[in-house]
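# Sequence and predicted structure below; questions after.
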Amino acid sequence: MGEFLEFQGVTKRFGSVRAVNNVSFSVKRGEFFSLLGPSGCGKTTLLRLIAGFEQPDAGRILLDGQDITQLPPNHRNVNTVFQNYALFPHMTVFENIAFGLRGARRPKDEIEHEVHAMLKLVQMEDKAEHLPSQISGGQKQRVASARALVNKPSDLLLDEPLAALDLKLRQRMLLELDLIHDQVGITFLYVTHDQGEAMSLSDRIAVMHSGVCEQIATPAEVYEAPKTSFVASFIGDTNFFDGIVASAPEDDYCIVEIPDFADIEGFNGVLCYNDKKKTVGDHVNLSIRPEKFGISIDPPKRQFAHMNALRAKVEDIIYTGNHTNYWVSVGERRIAVYQQHAGYLLDEKPIRWGDEVWLYWNADSGYMLDDDAAPDDPLLPPKTSSAPASPSRADDAEGTAP
Amino acid sequence: MRKSFLSFSLLGLVMLFLYVPIILIFAYGFVPNGVSMSFFGPGGHFQGFSGRWYGLVFSGHHSVRALLQSFWLSLRIATLATLVSCVIGTTSALALHRWRSRLQTVHYGLVYTPLIMPDILIGISLLMLFVACGVDCGFWTILIAHVTFCVSYVTMTLLARLQDFDDRIIEAAYDLGAGPWYTFFKVELPILLPGIVAGGLLAFTLSIDDVVITSFVNGAGTNTFPTYVSSMTKHSRNLPAVFVLSTLMLLFTGVLAGVSKLLTGKSTRQA
Amino acid sequence: MTKKFREVVVTAPSFLWLMLFFAIPSIIVVAFTFHGHTPNGGVGEWSLSTWRELVDPDYPVIVWKTIRISFEITFWCILLALPCAYAIARMKTKWRAIVAGAIMLPFWTNFVVRVFAWKTMLHPDGWLQSCYFAFIQFRAWLFDGLPPFLRDFFIWVHLASPTPPDPASSTILDSETAVILVSVYTLLPFAIMPLYSAAEKFDFSLMEAARDLGAKSFYAFRKVFLPGIRQGLISAILMVFIPAIGSYVIPQMLGGTNCVLIGNKIFMRAIQNRNIPHASALATLMAVSVFLPLLCALWWRRHQAARERRQVEIRAARLMLGGTK
């Protein structure tokens, strides 16, 4: 498992804007690698650089040890599944898939054989003579994948391949894509703005923001140990706390004094897991996921060795079925708390709007971020209970021209 | 809904206004008396329909030979002008669609200006060119003139279609290993073909209909159908033959338009 | 480098063709105006004699007549086309295409043949002639009822003649009326089409909203519908006015000696008298007086629109790529 696809300090400018800014990373052979980020973060530009539709202003791109930076797209052994599939409207499904092989002047019976094998892989054998306008969105997606895969590319690029599909279909195609990846065993480079897709499919994820790679890690790492506040807020929801290390009673744990909580009586700081080896006086930007909190009316039993507990007041409650979202206030600070229902909800002792509750969490579930500044809008606590907002996520598809 | 009623009845009157001369053209093809152009004799009694003019046209009688020759010339010029302007118009539209540069701004101006220029100015400027170069006017000058004004129309028709064209399809072809020529002939051209056909039909109609520009550059003795007809007087004895040819041509273009409608209809279903 | 080369190659055919057969000839026309003419129809030495000849009291009258008749044609076309476009746009989608097609259908018949059909219809023995004479008499009667200063004004702008109508000379053939009538006939579809496509995109619930707010239907038509289709209205006017200014076939075939327009003059000088510089000068005059202002206006508008679009694009790009701040 050597380095297969390598970016070395790649920069791409459009006018005065740097769509991709000095990006370096590498993808291993056979890996399912995702580029995740909001619209306009440069992920599609990065993909187009690999495909050869754009040339970088600086840096090099290596594919299997060969410098492909200046190679035109038709001479690169990579193929793309386009966002809107870009199937040739005047050709049948069969002809679409055969296009690359015919262009390479392969013998006729070989083309026939290969295309049929591909049609079988994507379960489209019965639609071979249909035109793209006569098949559904999910089927188009399969044809687009087959059309790219039939050329046996060393790397398959997928540009938001599921963005045009509805939710249920998207989930099914997700499984299919995963299956195809397992069967063909080539490197997949997957561009998406949907954290769910990236999390469920990828071996590793590169989270991109403003043309820069913020973090490259496995899905679990990205979620549990985000490097920056952007990563923390883009993937899942989170609460940010700014504070200063007040004392470090143990090697691995420290007490962080948080200005928002300064007025609370009898509370002298948040106990944190100190993997960044912060010392007294250091500034800390802490991220705690809403589901890591516990909430109860009765005082919590001591479940963990290092636990924090606070009195809070419930301000908003949104019941979403599989869990309930609470917004509680501690002093002036509002905190989001997501609770799953262990038992049957109606049996539990209900928490109501305005209740005084206990908020508690394990010191290990807070995570210190590398950067200081919290993003402009971390998980926005709604002032009214009308909208369960997740504002930091960009839901719309990325535009064509960055 | 008084307003709608008013506008609908006006629309009916306008349609009548538009169609009465067409019906007359059709009817005059059967007129018995080619000099008075009347279905009624001197005593005011109805003289019936006559198939004489159709017979003259189909048999190529010498009395209508000059007319038929002009008609044949029109068809030849229109066909050639259509072919040439389709090729030039396609490259022009592709260039205007694909690139944004100073060159294309000038190019667009060159293509656009003939559209808002009155025919007479195009005609006279071409005449001046031929005079300045000392070229004798005739078949080739007419062809050049027709291509000149058809190119702009073909380009604009195609350019409008290209706006619906998904440029990623081209990228997809490159991505699958195809070179520029393979992509052009296997992908771009087949997809654009209905648009080229539509532009070509427009060019054909414009070319066969043109009288203003042609009358400047045709020179002595070379007449297309429209210039020949416009030089006829009211009491030319062969006037009904003109109406016969027009009726035939209307039928022919009707069939052509039907075919093109089928073509474009099919392509929109595909898209 | 190769990219630029490819652009040049693809651009070359149309660019060179139009350069050679459109742009350069236009320059030649202007250049010829500064030459004298030779008796055998050639182009003489450099001189300003052509421009001096142009100071002919006839020309201002002809230019004014051309412009006036073009305005009249445009007025009637728009007046007829507006309700038609409105009516078509209010039809069911299936009918719209059929009616729009039916309006364009007559235009597959040869233009000259259609004009000839009109010429046959307007024959002095025909019923259209009787209608026309009745109309003339009615107009004369209306004219007599006008206050004197208005009468003088209409005579001054050539909208009326000071002498009473005479049955012998008032044939519809060889008159301005015939030219206007047939020009409206040939140009009407070009007025209807842009208006119709603008009206088709118009959101008719706005009309209902206006009616709902208490507007009378004509008031709503004027205050909501007309501004809504402004773009179509402008292109309809241009589509009619431009050919009308340059028209010469219809005046030649139907206008006789009573309706000689600038187009006829150009044709006469160029082909019949073979006075090439003179024809060039007239064409230049026509281009300079009408089309240069028009072209400038069109280019300015395009430029304006392009600049606005560019600014929006830049702003959008900044928003998308500009980062957190």
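That came through fine. Note that the coordinates shown come from a computational prediction; the quantities given were computed from them, not determined experimentally.

# chain center to the helix or strand harbouring C:F75: distance?
Using DSSP states H and E, C:F75 falls within helix C:58-89. Counting by Cα atoms, centre = their mean, to the nearest Å, helix C:58-89 is centred 7 Å from the centre of its parent chain.

# in stretch A:309-318, what's buried?
Neighbour-count burial for stretch A:309-318 flags A:310-318 (criterion: 16 or more other Cβ atoms under 10 Å in any protein chain shown). (Each C-beta comes from the backbone N, C-alpha and C, glycine too.)

# Just the residues contacting it, thanks.
A:261, A:264, A:267, A:295, A:299-300, A:324-330, A:334-335, A:351-360, A:381-382, A:384-385, A:388 (Cβ atoms under 8 Å, 6 or more residues apart in numbering or on different chains).

# anything in the helix holding C:F75 sitting right up against chain B?
Yes. Helix C:58-89 is in contact with chain B by Cβ under 8 Å from any Cβ of the partner chain, via C:80, C:83-84, C:86-88.

# tell me the two of those residues that are most distant?
Greatest spatial distance in the residues of helix C:58-89 next to chain B: C:L80 and C:I88, 12.8 Å, computed using Cβ to Cβ.

# Where does the prediction get shaky in chain C?
Applying pLDDT under 70 to chain C picks out residues C:1, C:39-42, C:125-127, C:157-170, C:303-325.

# domains of it?
Chain C breaks down by automatic domain parsing into domains covering C:1-32, C:33-122+C:173-321.

# give me the element the spatially most central residue of chain C is part of.
The residue lying closest to the centre of chain C (Cα atoms, centre = their mean) is C:F241, at 1.6 Å. Secondary structure assigned from DSSP H and E places C:F241 in helix C:230-246.

# from the chain's centre, how far out does that helix sit?
5 Å.

# Are the helix or strand that comes right after that helix and chain B in contact anywhere?
Later in the chain than helix C:230-246, the nearest helix or strand by DSSP H and E is helix C:249-250. Yes. Residues of helix C:249-250 contacting chain B under Cβ under 8 Å from any Cβ: C:V249.

# Pull the residues that contact helix C:249-250.
Outside helix C:249-250, the residues that touch it by Cβ under 8 Å, 6+ apart are B:211-212, B:230, C:111-112, C:115, C:179, C:182-183, C:186.

# Show me which positions of stretch B:232-246 end up buried.
For stretch B:232-246, by 16+ other Cβ under 10 Å, it's B:232, B:236, B:238-246.

# which one of those sits closest to chain A?
In terms of Cβ to the nearest Cβ, no member of the buried residues of stretch B:232-246 lies closer to chain A than B:S246, at 37.2 Å.

# about what we covered before: would you turn the domains of chain C into CSV with distance to B:T157?
Formatted as CSV, those follow (distance: least, Cβ to Cβ, whole Å):
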stretch, distance to B:T157
domain C:1-32, 14
domain C:33-122+C:173-321, 14
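
# Tell me which of the ones you listed approaches A:K28 most closely.
Nearest to A:K28, of all these, is domain C:33-122+C:173-321, at 29.3 Å by Cβ to Cβ.

# What residue, apart from its backbone neighbours, is nearest whichever residue of the stretch 101-250 of chain B sits closest to chain C spatially?
Closest approach between the stretch 101-250 of chain B and chain C, counting by Cβ to the nearest Cβ: B:P118, at 2.4 Å. Of all residues not flanking B:P118 in the chain, C:G246 sits nearest, at 2.4 Å (Cβ to Cβ, 6 or more residues apart in numbering or on different chains).

# Next up, the contacts around that neighbour.
So C:G246 contacts B:118-121, B:212, C:263, C:286 (Cβ under 8 Å, 6+ apart).

# contacts with chain C among the buried residues of stretch B:232-246, please.
Checking the buried residues of stretch B:232-246 against chain C by Cβ under 8 Å from any Cβ, the ones in range are B:232, B:239, B:242-243, B:246.

# Out of the residues you listed, the closest to C:K92 would be?
Of all those, C:K92 sits closest to B:S246, with 32.9 Å by Cβ to Cβ.

# these two touch, right, the closest one and C:W108?
No. Assessed by Cβ atoms under 8 Å, B:S246 is found out of contact with C:W108, at 9.6 Å.

# what's the farthest-apart pair in the contacts of C:G246?
Maximum distance among the contacts of C:G246 (Cβ to Cβ): 13.4 Å, for B:V212 and C:M286.

# Which residues of the stretch 101-250 of chain B lie near chain A?
Residues of the stretch 101-250 of chain B lying near chain A by Cβ under 8 Å from any Cβ: B:166, B:168-169, B:171-179, B:182, B:186-187, B:190-191.

# burial of A:F240, as a residue count?
A count of nearby residues for A:F240, using other Cβ atoms under 10 Å in any protein chain shown, gives 17.

# and it, bridged to which residues?
A:S287 (DSSP bridges).

# Tell me how far it lies from chain B.
Distance of A:F240 to chain B, given as Cβ to the nearest Cβ, to the nearest Å: 39 Å.

# Can you pull out the low-pLDDT segments for the stretch 251-400 of chain A?
Residue ranges of the stretch 251-400 of chain A with pLDDT under 70: A:266, A:342-348, A:372-400.

# give me that answer again for 90
For the stretch 251-400 of chain A, residues meeting the criterion pLDDT under 90 lie at A:251-286, A:294-312, A:317-324, A:329-334, A:339-400.

# picking up where we left off before, which one in the buried residues of stretch B:232-246 is the model shakiest on?
In terms of pLDDT, B:S236 ranks lowest among those, with 67.

# Excluding chain neighbours, give the residue nearest to residue 33 in space.
No chain in the question, so chain A it is. Nearest non-adjacent residue to A:F33 (Cβ to Cβ, 6+ apart): A:V27, at 4.6 Å.

# ah, I was thinking of chain C
C:A281 (4.3 Å).
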